[in-house]
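# Turn this into a structure:
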Amino acid sequence: MASGKALLKKFIKDNLKEEIDKLKSQNRQCKVSIDYEDLNQFLIEQSGKDFWKHQIYEYIDQMEEIFNTGNVALKFMNVPERDNLHDLDATCNNKWISTKAMIKNMTDVRVDLKQASYVCRECGAQNIVNIADPNQGETIPAYCRNPDCAGTSKSMFLDKDTSIYRNYKLLKLEEPLELRSGGSSREFKAIVLDYLASPFTNLKVGDVVNVCGTFKIEPRRVKGRSDGYEFIIHVHNITQVDDVFEDSRISEEDINEIINLSKEDDIFELLCNSLAPEVYGYEYVKKGLILQLFEGNRPVNDSFKSSMMDRWTIHVLLIGDPGIGKSQLIQSMKKRAPKNITISGTNTSQAGLTVSTVKDELTGTWTMEAGATVLADTGVLCIDEYDKLSPSAQKSLNEPMEQSCVSSAKAGLVQVMSARTSILAGANPKYSKFDPYKLYREQLDIPESNLSRFDLIFVLTDDVDEEKDSKLADALLNKDYIVDESEILDIDLFKKYITWIKANCFPVLSSEAKTLLREFYVDTRKTALETSDGKPITPRDLKALERLTIARAKCEYRQEATITDAIEAIDIYKEALSGLGLTLATAGELHGIHSENELSAISEMENMIRSNIAIEGVPLSAESLRHLEMECGVLCHEKGINREGIFDIAYSNVKNSL
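Modelled structure (predicted):
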């Protein structure tokens, strides 16, 4: 029976030799992929033993020597994950592993010796030394290999021109969010060489990757000195996970159960009931949160690289009085979102949200570390106490919320990271309790530019209602009253349902749904313009409705979003507006749009302020300002508009024009 080495050689010769020769002629760094499934099937047919029993991975470096591949690297691809980063320890030394990881940090491309050429000064002979990895350093031969020469290491010098060099990068790998247990994580240092460290590989901080290679324990060196030992992964191959929602834990039985579940008539209601079942009520809020989990349609290709990138993530803001279940809803989303990070606004900085620059203790260089929005890429970022974030931190979310990326230029480093993250935020009103008789803008410490990027904003109020309060008391005192295990989905099944549907369902809008959304958009804007206090919705609202419609179709695993889905999306959108005291005709207020009456009042106030400045000069006295503010109140009353912010806007416009 042929050995594993002989079988691997035969497989490469029969299937890949022509490709290797073709790429060698190009004389540049590239790779030839050896598909695990094809190779494994060949091994079993030839010997009855699979990839792992043959320990085929031990022979791959020898194959590069046998076929003299030069700059062409041979890499196993699609190797199944057999190990968890969390479980690796000292007993795994020199073990070949295959696992899923997330890139936390990485250095730029570096260069190191691959094959050192030492020339003897005595006889001129060339002495070649192969260097296994960058940690090995230079190894000068003790004696010249010319048998007729008595030269020693002291007579050797490194010939830089004939030596061969290689690329290398140092990476920090940690467990992906969806695989972490109890929120804890471990990180490991990894080394990638040659092609994998070349500029041709498009690896970014925050990427979830499949990694295979050798797990080793090696001496740890800090500033040139030995400092105990450390774990290092010598990477054989590293590839981005093509499907960002891939989950190898979903079995064929799970898929059958998911498909059968999607066919149930009340699946959407079942999903809503399963979300925070201990929180009574909030039907529309739960519907909006379920749609956030399913999201709109992400492109099949990597939209981050696409010139026609369009956001598919759904952002939701919950504004509510303290103690009415806002945090429970967020925690329930945390438990059920396949990939998520939960943070609190009270102790989170702008750098913690986006990207920070740190000096890496292992590499001694400045590097960028991903913040929460990047780490939660393709998942949900839950932010409680959102209003406690600093204004600069809130504004830093504008880019990831709309462009699905984070760009940063710090310490001479310029980088763009993927942040295809849905944001679920919870905020308290400025004065603790939300007052429906005041403008929402007076009660929120959130910049308008940031507020306008949320697809849905729900207001949760603690209203006194005897019937509702009685049911809520029963729910709190006796959980069985509302939580019936037979009427909710198990959390694990809930996660798998979301994960699989997102990876396999890409609904398109039916012609009827498109017509309805178009007519709704046109008619709503027309109605707003026909009224003096109207504030029309914007294209951003239309795209939000499109995402909600598609998400509604995904809930039932349908490949077409129908007019019924569009109607339900519009109902959820209208319900969210009503909580803010807005109507469809005034919804544009969320985007900072002013009505005709407001624009007229601002213009008149600007003229009054300029008249006073012409007489009194700049700055205006406190008495003049008080008088102008009174005039503004009278003017707003006459026009039937709220005076909040009108004077400040007019005064700011005048100051900026001087």
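# Can you pull the phi/psi pair for the residue most central in space within the chain?
Geometric centre of the chain, nearest residue: residue 377, 0.9 Å, by C-alpha atoms, centre = their mean. Here is the backbone geometry of residue 377 (degrees, to the nearest 10): phi -50, psi 130.
# And residue 531, by the same measure?
phi -110, psi 140.
# Would you check that it makes contact with residue 585?
Yes - with contact defined as C-beta atoms under 8 Å, residue 531 reaches residue 585; the gap is 5.8 Å. Any C-beta I mention is one placed from the backbone N, CA and C, and that applies to glycine too.
# before we move on, the earlier item: state the distance from the residue nearest to the centre of the chain to residue 294.
17 Å (C-beta to C-beta, to the nearest Å).
# So between residue 531 and residue 585, which is more surrounded?
For residue 531 versus residue 585, neighbours defined as other C-beta atoms under 10 Å are more numerous around residue 585 (20 against 14).
# The more buried one: what secondary structure?
State at residue 585, reduced to three classes by DSSP: H, G, I helix; E, B strand; the rest coil: coil.
# Does it touch residue 526 like I think?
No - contact between residue 585 and residue 526 fails when scored by C-beta under 8 Å: they sit 9.8 Å apart.
# re earlier: which residues sit in contact with the residue nearest to the centre of the chain?
Residues in contact with residue 377 (C-beta atoms under 8 Å, 6 or more residues apart in numbering) are 206, 208, 244, 417, 418, 419, 420, 421.
# Of the residues you listed, which one scores lowest on pLDDT?
On pLDDT alone, residue 244 ranks lowest of the contacts of residue 377, at 45.
# Would you state the helices of the stretch 1-150 of the chain in chain order?
Here the stretch 1-150 of the chain has its helices, by DSSP state H, counting those that start in this stretch, at 4-15, 17-24, 36-47, 51-54, 60-66.
# So which of the contacts of residue 377 belong to strands?
208, 417, 418 (DSSP state E).
# buried subset of those residues?
Among the ones in strands among the contacts of residue 377, those buried by neighbour count (16 or more other C-beta atoms under 10 Å) are 208, 417, 418.
# Please report the distance of the last one from residue 202.
From residue 418 over to residue 202 the distance is 11 Å, taken as C-beta to C-beta.
# for the first one, same thing?
Residue 208 sits at a distance of 14 Å from residue 202 (criterion: C-beta to C-beta).
# Overlap in contacts, these two.
residue 240.
# Just give the number of residues close to the nearest residue to residue 187 once chain neighbours are set aside.
The shortest distance from residue 187 to any residue other than its chain neighbours is 4.2 Å, reached at residue 174 (C-beta to C-beta, 6 or more residues apart in numbering). When counting by other C-beta under 10 Å, one arrives at 19 neighbours for residue 174.
# Residue 174 reaches residue 189, doesn't it?
No - using C-beta under 8 Å, residue 174 is not in contact with residue 189; the gap is 10.8 Å.
# which residues of the stretch 251-400 of the chain fall in helices?
Under DSSP H, counting those that start in this stretch, the stretch 251-400 of the chain gives helices at 252-262, 267-274, 283-294, 326-336, 350-353, 372-375, 391-396, 398-403.
# Any buried residues in the last one, and which?
By neighbour count, with 16+ other C-beta under 10 Å as the criterion, the buried positions of helix 398-403 are 399, 400, 401.
# Quickly name whichever of these is closest to residue 457.
residue 401 (13.1 Å; C-beta to C-beta).
# Can you check the pLDDT for the closest one?
The predicted local confidence for residue 401 is 87.
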